[in-house]
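**Student:** fold the stuff below for me.
(one chain, ligands or ions: 3)
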Amino acid sequence: MLKDPAEKYRAFAPIALSDRTWPDKTITAAPLWCSVDLRDGNQALIEPMDTARKRRLFDLLVKTGFKEIEVGFPAASQTDFDFVRELIEQNLIPPDVTIQVLTQARSELIARSFEALRGARRAIMHLYNSTSTLQRRVVFGLDRPGIIDIAVKGAQWVREHAERQSDTEWVLQYSPESFTGTELDFAVEVCDAVNAVWQPTPQRKVILNLPATVEMATPNVYADQIEWFSRHIARRDSVILSVHPHNDRGTAVAAAELAVMAGADRVEGTLFGNGERTGNVDIVTLALNLYTQGVKPDLDFSNINEAARCVEYCNQLPIHPRHPYVGDLVFTAFSGSHQDAIKKGLAARQEESLWEVPYLPIDPRDVGRTYESVIRVNSQSGKGGIAYLLERDYDLTMPRRLQIEFSQVVQAVADASGKELSAEQIWALFADEYLGTQGDYVYGSHQLAHSRKDQNLERLTLKLKCRGQGTVLHGEGNGPIDALVDALGLQFDVLSYEEHSVGSGSDARAAAFVEITTPGRATLFGVGVHVNIITASLLAVLSAVNRAMRRGLLDDSIPAASAGG
Ligand SMILES: CC(=O)SCCNC(=O)CCNC(=O)[C@H](O)C(C)(C)COP(=O)(O)OP(=O)(O)OC[C@H]1O[C@@H](n2cnc3c(N)ncnc32)[C@H](O)[C@@H]1OP(=O)(O)O
Ligand SMILES: CC(C)C(=O)C(=O)O
Ligand SMILES: [Mg+2]
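**Tutor:** Ligands and ions are numbered 1, 2, ... in the order given. Here you go, the predicted structure:
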């Protein structure tokens with residue numbers, strides 16, 4: 001019988017480091033970044049990059065500000081070899097950028113890797129061999145001394161080639177691959193053995209790179225491993241301690257951050273986290289996480305969309321719409337309370353103040369995104385988002401109670417369709433509900449004059465269509481709205497009136513909002529938009545009356561044309 005899956009796996013062991021210091025550390029500066037997109041990312045692709053794609057990604061990495069870029073595994077493929085040659089021969093590597101290549105600890109592969117780098121001004125030769133208990137047993141069939149022997153022989157070959165190719169400034173890097181599955185004392189022993197060959201000094205440091213080749217434990221365990229290693233490695237002042245997290249448990253970003261707190265000086269990763277299996281650590285997220293804490297990341301993602309499209313093209317893999325900082329949906333709020341809070345947060349913000357907008361940990365403009373997609377409306381949305389869109393795209397600021405009323409109209413449509421509604425569709429719903437020319441009362445024209453009885457009263461003459469019949473109504477009141485209520489002779493009161501201008505210059509119009517209450521104490525709004533403010537207010541009253549009629553809230557006995565005068 002098959003074992004219960006839960007019995008198939010072994011728990012990870014905690015690290016004995018009771019005096020760990022990393023939990024009290026904060027990150028105050030960016031680590032050194034090394035992009036491994038063109039090697040680790042590339043080796044994980046369904047279709048590895050051709051030279052044109054590699055070149056495009058290399059240019060992006062340089063533009064973004066990477067100073068160390070692993071450009072390939074030249075001993076493994078002709079494409080990688082040729083690409084390295086192209087970079088060197090065509091002088092495409094900026095003076096402040098160092099390229100890096102990876103090689104196994106095998107003499108012919110090391111020789112070929114040095115050949116690929118011939119003529120480079122400065123380069124990082126990255127040597128690796130696996131050191132974990134599991135790989136020692138099942139892949140290499142070797143004990144600890146056997147593995148140290150592979151590493152030391154590799155280090156010697158690298159040293160000899162480097163000495164022979166002395167016109168290049170060499171930086172040497174060693175990775176005990178599968179470090180997270182390696183006993184810590186053994187990882188230190190192997191790295192010390194490599195360093196004994198390379199003889200680093202504080203002026204000529206080596207890079208010791210400790211990969212979470214497979215992420216096997218919680219990030220705090222990785223941090224403990226890094227701190228333990230950092231305390232026990234000899235010649236620490238001659239070592240750049242580098243980490244290389246993979247994301248098997250989905251916590252590579254956290255692991256990298258804690259590792260930096262634990263003493264890592266350098267992080268290897270990829271843009272948006274492409275890489276073997278679940279990926280390498282995402283350097284974009286790491287960098288922008290720093291940014292949102294007020295730490296300069298030393299990488300430029302001010303046009304994150306451009307970076308994303310380039311990476312998608314080169315990797316031929318899509319970026320998830322919810323990927324941190326870059327996904328198509330990450331500056332978008334669908335739910336009502338979020339939309340409401342964002343709207344208020346944006347309104348309360350002053351340009352020079354700290355970024356404090358609810359639900360938006362970063363200002364979208366900092367990564368070249370805009371507010372435009374911040375608010376979207378579907379059946380989970382509330383009045384805030386709807387009001388925001390009409391204000392943003394149609395310059396219409398609704399009174400708060402109208403927002404509540406209209407959101408029910410939108411909600412009903414969104415619920416029925418189950419789809420997102422665009423600002424245009426919301427405006428069409430608004431126009432249909434409030435500005436429509438359908439209804440019992442359709443405005444034609446009006447005239448206002450002082451009442452003959454009382455100079456303080458206004459006398460309104462209104463031409464309109466009542467249920468398709470042209471008619472003229474007369475009424476008097478202390479303003480046009482009052483006079484219209486009088487002229488209509490219906491059982492309602494005006495509760496509130498607001499107006500504001502829409503647009504500016506010759507296109508300016510007035511928007512009038514009238515809230516009425518009917519005999520059954522129902523309240524509802526009417527809206528009028530017109531170049532003339534008085535016409536707008538009359539339209540608003542008629543809009544409210546028509547809506548009340550449609551709902552059966554007003555007695556529909558239409559008054560006869562008044563002959564008053
Ligand atoms: C965690 C990582 O990302 S490590 C990087 C992995 N990336 C890649 O492998 C991509 C490119 N690699 C390749 O194309 C090929 O592996 C090559 C061309 C480099 C080598 O291919 P091959 O010579 O066929 O060997 P293969 O990769 O199968 O390696 C297996 C042999 O190398 C040995 N080996 C594996 N890694 C190493 C290493 N780092 N150092 C020394 N020997 C190694 C194995 O023990 C095995 O030896 P055996 O044949 O005696 O059993
Ligand atoms: C070669 C090493 C650094 C690697 O990619 C890994 O272990 O994940
Ligand atoms: Mg890797």
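**Student:** tell me the residue of the stretch 401-550 of the chain that sits nearest ligand 1?
**Tutor:** Distances between the stretch 401-550 of the chain and ligand 1 by C-beta to the nearest ligand atom are smallest at Glu420, namely 41.3 Å. C-beta coordinates here come from the backbone N, C-alpha and C atoms, glycine included.
**Student:** Pro94 versus that residue, what's the distance?
**Tutor:** 44 Å (C-beta to C-beta, to the nearest Å).
**Student:** comparing those two, which shows the higher neighbour count?
**Tutor:** Neighbours were counted for Glu420 and for Pro94 using other C-beta atoms under 10 Å; Glu420 has more, 15 against 10.
**Student:** could I get the pLDDT score of the more buried one?
**Tutor:** Looking at Glu420, its pLDDT is 81.
**Student:** what's around the closest residue to ligand 1 within the stretch 301-450 of the chain, how many residues?
**Tutor:** Residue nearest to ligand 1 within the stretch 301-450 of the chain (C-beta to the nearest ligand atom): Asn315, separated by 16.2 Å. Asn315 sits with 25 neighbouring residues when counted by other C-beta under 10 Å.
**Student:** now for whichever residue of the stretch 351-500 of the chain sits closest to ligand 2: which residues touch it?
**Tutor:** Taking C-beta to the nearest ligand atom, ligand 2 has its nearest neighbour within the stretch 351-500 of the chain at Val367, 27.8 Å off. Val367 is in contact with Leu288, Phe301, Ser302, Asn303, Ile304, Tyr325, Val326, counting by C-beta atoms under 8 Å, 6 or more residues apart in numbering.
**Student:** of these, which belong to helices?
**Tutor:** Counting by DSSP state H, these place Leu288, Ile304 in helices.
**Student:** now the contacts of Val367 in a markdown table, with distance to Ser543, neighbour count and pLDDT?
**Tutor:** Shown next, in a markdown table, are those (distance: C-beta to C-beta, whole Å; neighbours: other C-beta atoms under 10 Å; pLDDT from 0 to 100):
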| residue | distance to Ser543 | neighbour count | pLDDT |
| --- | --- | --- | --- |
| Leu288 | 48 | 22 | 98 |
| Phe301 | 48 | 23 | 97 |
| Ser302 | 46 | 12 | 95 |
| Asn303 | 46 | 14 | 91 |
| Ile304 | 44 | 21 | 93 |
| Tyr325 | 44 | 24 | 97 |
| Val326 | 44 | 25 | 93 |
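**Student:** could I get the contacts of Val367 as a markdown table with distance to Asp4?
**Tutor:** A markdown table is the format used below for these (distance: C-beta to C-beta, whole Å):
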| residue | distance to Asp4 |
| --- | --- |
| Leu288 | 41 |
| Phe301 | 45 |
| Ser302 | 51 |
| Asn303 | 50 |
| Ile304 | 45 |
| Tyr325 | 40 |
| Val326 | 40 |
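**Student:** element containing Ser113, please.
**Tutor:** Using DSSP states H and E, Ser113 sits in helix 107-116.
**Student:** what do you get for Gln100?
**Tutor:** Assigned by DSSP H and E, Gln100 falls within strand 98-104.
**Student:** any chance you could list what contacts that strand?
**Tutor:** If you take C-beta under 8 Å, 6+ apart as the criterion, strand 98-104 is touched by 34, 39, 67-75, 80, 84, 87, 93, 109-110, 112-113, 116-117, 120, 122-129, 154, 158, 171, 173.
**Student:** so which of these reach ligand 2?
**Tutor:** Among the contacts of strand 98-104, the ones lying near ligand 2 by C-beta under 6 Å from any ligand atom are Tyr128.
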